[in-house]
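> 3D, please:
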Amino acid sequence: MIQRIQSVFLLLLALAMLSVLFLPIWSKSDPASQQTVVLTATQLAFEKANAGAAAPISAWPIAALAAASAAVALLEIFQFRNRFNQLKLGMLNFLLIVGTIGAGFYYSGVGEQLVNIKMPGTFEAGFYLPTLALLLNLLASRFIRRDERLVRSMDRLR
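Numbers count the residues shown, from 1 in each chain. Have a look, this model is predicted:
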């Protein structure tokens with residue numbers, strides 16, 4: 001099962017989505033007030049909160065979608081006997097990853113309003129990992145389809 005290339009892609013996908021839980025996704029600094037807003041998978045908060053800083057905003061949908069995507073990828077690895085199930089789980093994982101990216105955009109937009117509106121924020125490594133996971137998911141689906149075609153062609157030869 002792990003010797004198949006799609007299993008390696010799915011394992012890397014799960015690692016990428018689990019990394020989203022621990023890495024910063026977006027940040028924005030205001031040089032005038034020396035405040036920095038950081039978005040992680042669990043919250044959007046000021047790095048060094050001053051007395052007038054807003055309370056942290058919970059960003060749990062990002063963490064939930066990333067964890068669900070990693071779990072689906074691991075489940076997909078162990079469905080190697082049923083390639084049709086793997087493809088269905090791959091489509092579900094595609095939606096979860098796109099949802100993670102969308103939630104990251106949404107909460108970064110909320111964060112833009114917290115600090116100096118004229119200064120742009122920067123996307124961090126945690127934002128780009130779901131994009132990598134999306135690519136890995138598409139590659140895994142491609143190789144699962146290739147295996148299915150190979151099995152069908154062998155059945156025709158018998």
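
> now this structure, which segments are flagged as low pLDDT?
Within the chain, the set of residues satisfying pLDDT under 70 comprises 1-3, 49-54, 116-117, 155-158.

> Contact partners for the residue lying closest to residue 123 once chain neighbours are set aside?
Here the nearest residue to residue 123 in space, its sequence neighbours aside, is residue 26; by C-beta to C-beta, 6 or more residues apart in numbering that works out to 5.4 Å. (Each C-beta comes from the backbone N, C-alpha and C, glycine too.) Taking C-beta atoms under 8 Å, 6 or more residues apart in numbering as the definition of contact, the neighbours of residue 26 are 38-39, 104, 107-108, 111, 121-124, 126-127.

> Do a quick rundown of the helices in the chain.
Using DSSP state H, the helices found in the chain span residues 5-20, 60-77, 83-112, 125-157.

> now the first one against helix 125-157, angle please.
When axes from the mean of the first three to the mean of the last three C-alpha atoms, to 10 degrees is applied, the directions of helix 5-20 and helix 125-157 differ by 160 degrees.

> residue closest to the middle of the chain?
Nearest to the mean C-alpha position of the chain, by C-alpha atoms, centre = their mean, lies residue 130 at 3.2 Å.

> ok so, going back, could you let me know which of the contacts of residue 26 ends up closest to residue 17?
Comparing the contacts of residue 26 against residue 17 with C-beta to C-beta places residue 126 closest, at 10.4 Å.

> Which residues does the residue nearest to residue 123 form beta bridges with?
Using DSSP bridges, the beta-bridge partners of residue 26 come out as residue 39, residue 123.

> distance of it from residue 32?
From residue 26 across to residue 32, the span is 20 Å (C-beta to C-beta, to the nearest Å).

> before we move on, back to that, how close does the residue nearest to residue 123 sit to residue 125?
Taking C-beta to C-beta as the measure, residue 26 and residue 125 are separated by 10 Å.

> Likewise for residue 75?
Residue 75 sits 26 Å away from residue 125, going by C-beta to C-beta.

> and what of residue 66?
13 Å.

> if we can go back for a sec, just checking, the residue nearest to the centre of the chain touches residue 99?
No. Between residue 130 and residue 99 no contact is recorded; they are 9.3 Å apart, counting by C-beta atoms under 8 Å.

> still on that earlier bit, residue 66 and residue 125: which has the busier surroundings?
Remark: of residue 66 and residue 125, residue 66 carries more neighbours, 28 against 12, as counted by other C-beta atoms under 10 Å.

> Next, the contact list for that one, please.
For residue 66, the set of contacting residues under the criterion of C-beta under 8 Å, 6+ apart consists of 17-18, 20-21, 41, 100, 130.
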